[in-house]
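# have a look at this prediction, sequence included:
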Amino acid sequence: MGAYSPSPLLDATLTERIGKTIFAPTVAALAAMGRPFRGLLYGGLMLTPERGPMVIEWNCRFGDPETQAVLPRMQDDLLPWLLHTAQGTLPAGSPGWSPGIAVCVVLAAAGYPGKVRSGDAIDGLADNGQLPGEGKDLVVFHAGTRRDGEHLLTSGGRVLGITARGTDLDSARSRAYSGLGRIHWNGMHYRKDIGLRGRT
């Protein structure tokens with residue numbers, strides 16, 4: 001599992017089409033039913049060759065691991081946007097986004113996506129749970145970890161999300177995979193093709 005942002009497969013025309021034909025009608029329908037939506041609406045979409053963008057799922061929350069590739073690119077402070085959303089007073093315009101691309105690769109525990117084994121010791125991370133010597137362009141998101149004294153252990157299926165930023169897709173992918181190569185536990189596995197489709 002993993003994600004990259006922004007997707008080179010999505011241009012301005014397709015973005016506008018998705019907004020007009022999927023998101024706007026959904027929000028309007030909720031309002032017409034007397035349930036106006038105020039919050040974060042995450043739509044999981046699939047691009048199909050015959051019918052264009054299609055909805056796979058709706059979530060009233062941040063997507064995981066998609067958000068781990070999106071939020072590191074956000075230049076604005078996220079908290080005011082969340083607060084104003086809750087209050088119904090969104091500011092004009094849109095949040096600022098940094099240039100470049102972010103790639104997130106999920107490291108999974110033994111057995112995932114089936115019966116997951118927990119309790120394996122994770123090696124390679126510093127005491128703060130990040131990769132030693134890395135800056136803001138490489139972030140480790142913890143999803144299924146726990147502390148046992150001095151040891152960090154697996155505690156779930158999706159254990160860590162390794163997100164790297166780069167000037168382009170190749171540099172972000174290289175940094176993410178280089179970073180995760182320094183992490184290890186018994187049974188750790190991950191996909192090696194995250195972001196490859198965006199290169200075509």
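Everything's here; your move.

# tell me the centre residue of this protein?
Centroid-nearest residue in the chain, with Cα atoms, centre = their mean: E66, separated by 2.4 Å.

# go ahead and confirm that one touches M1.
No. Shown here, E66 and M1 do not form a contact pair, counting by Cβ atoms under 8 Å, at 9.9 Å. Placement of C-beta: from N, CA and C, glycine included.

# picking that back up, for the closest residue in space to the residue nearest to the centre of the chain that isn't next to it in sequence, give its distance to R35.
Spatial nearest neighbour of E66, chain neighbours left out: A3 (4.5 Å); criterion: Cβ to Cβ, 6 or more residues apart in numbering. For A3, the distance to R35 (Cβ to Cβ, to the nearest Å) stands at 29 Å.

# give me the more crowded residue out of the two.
A3 (22 against 8; other Cβ atoms under 10 Å).

# adjacent strands (with direction) for the helix or strand harbouring that one?
A3 is located in strand 2-5, with elements delineated by DSSP states H and E. Paired neighbours of strand 2-5 in the sheet (DSSP bridges): strand 101-108 (antiparallel).

# export only the CA atoms of the partner strand, formatted as CSV.
Only the C-alpha atoms of strand 101-108 are listed here, as CSV (Å, rounded to 0.1, in the frame of the first residue of the first chain):
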residue,chain,number,x,y,z
ILE,A,101,5.8,15.4,-5.1
ALA,A,102,5.4,13.4,-2.0
VAL,A,103,5.4,9.6,-1.9
CYS,A,104,4.3,7.4,1.0
VAL,A,105,5.1,3.7,1.2
VAL,A,106,3.4,1.6,3.9
LEU,A,107,5.4,-1.0,5.8
ALA,A,108,3.2,-3.9,6.9
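
# pLDDT on that strand, on average?
For strand 101-108, mean pLDDT rounds to 97.
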